[in-house]
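In: Predicted model follows, preceded by the sequence.
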Amino acid sequence: MAKKIIIKCRTLVEGEVEGLALVTKEPISFYGGVDPETGVVIDKSHPLYGKKISGRILFFPYGKGSTVGSYIIYRLAKKGLAPLAIVNVRSEPIILIGCLLSSIPLVDKVNMKYFDIVKDNSKVKVIAKREYGLIEVEV
């Protein structure tokens, strides 16, 4: 029987979703790092290279790169290729604006230690409400 852990977090974009995790300890640049036509990480130097972020709960510490990244997130969402939710240690404006435009649940203030506990394909539920944010993970 799977054990469930609860992670408290801060809600930035509200929503509630369940899905499988995709986890990296490296920041992501959506502009030039993710193919907006496929939802696959194309940055050859990134640990997620070749993996599809679509339909996953994407854990990464923070975004980086051009502000065009916000529009890449939006484009992914319009094509049905975006992550179900994004979990960050610290969300910066590029990620926040992309998620706001796309109605993708976004939470942050997650301690980096959880990036060692949550594994790829862990079952995750993100509950991002105005009053609170929680992440339930089966480990």
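Out: Arrived safely, thanks for sending. Please read all numbers here as calculations on a predicted model, not as lab measurements. Numbers count the residues shown, from 1 in each chain.

In: from here on, contacts and neighbour counts on C-alpha atoms
Out: OK.

In: how long is stretch 55-67 end to end?
Out: 23 Å (Cα to Cα, to the nearest Å).

In: Make residue 1 into 675 and carry on from there
Out: Okay, using 675 as the starting number, the last item reads as stretch 729-741.

In: chain center to that stretch, what's the gap?
Out: Relative to its chain's centre, stretch 729-741 lies at 5 Å (Cα atoms, centre = their mean, to the nearest Å).

In: What are the buried residues along that stretch?
Out: Gly729, Arg730, Ile731, Leu732, Phe733, Phe734, Pro735, Tyr736, Gly737, Lys738, Thr741 (16 or more other Cα atoms under 10 Å).

In: average pLDDT for it?
Out: Computed over stretch 729-741, the mean pLDDT rounds to 97.

In: close enough to count as contact, Ser744 and Ile771?
Out: Yes: in this structure, Ser744 is within contact of Ile771 by Cα atoms under 8 Å, at 5.8 Å.

In: Of the two, give the one with the bigger neighbour count.
Out: Applying other Cα atoms under 10 Å to Ser744 and Ile771 shows that Ser744 carries more neighbours, namely 23 against 19.

In: So the residue lying closest to the more buried one once chain neighbours are set aside versus Lys738, what's the distance?
Out: Distance criterion Cα to Cα, 6 or more residues apart in numbering; nearest residue to Ser744, sequence neighbours excluded, is Gly772 at 3.9 Å. According to Cα to Cα, Gly772 and Lys738 sit 13 Å apart.
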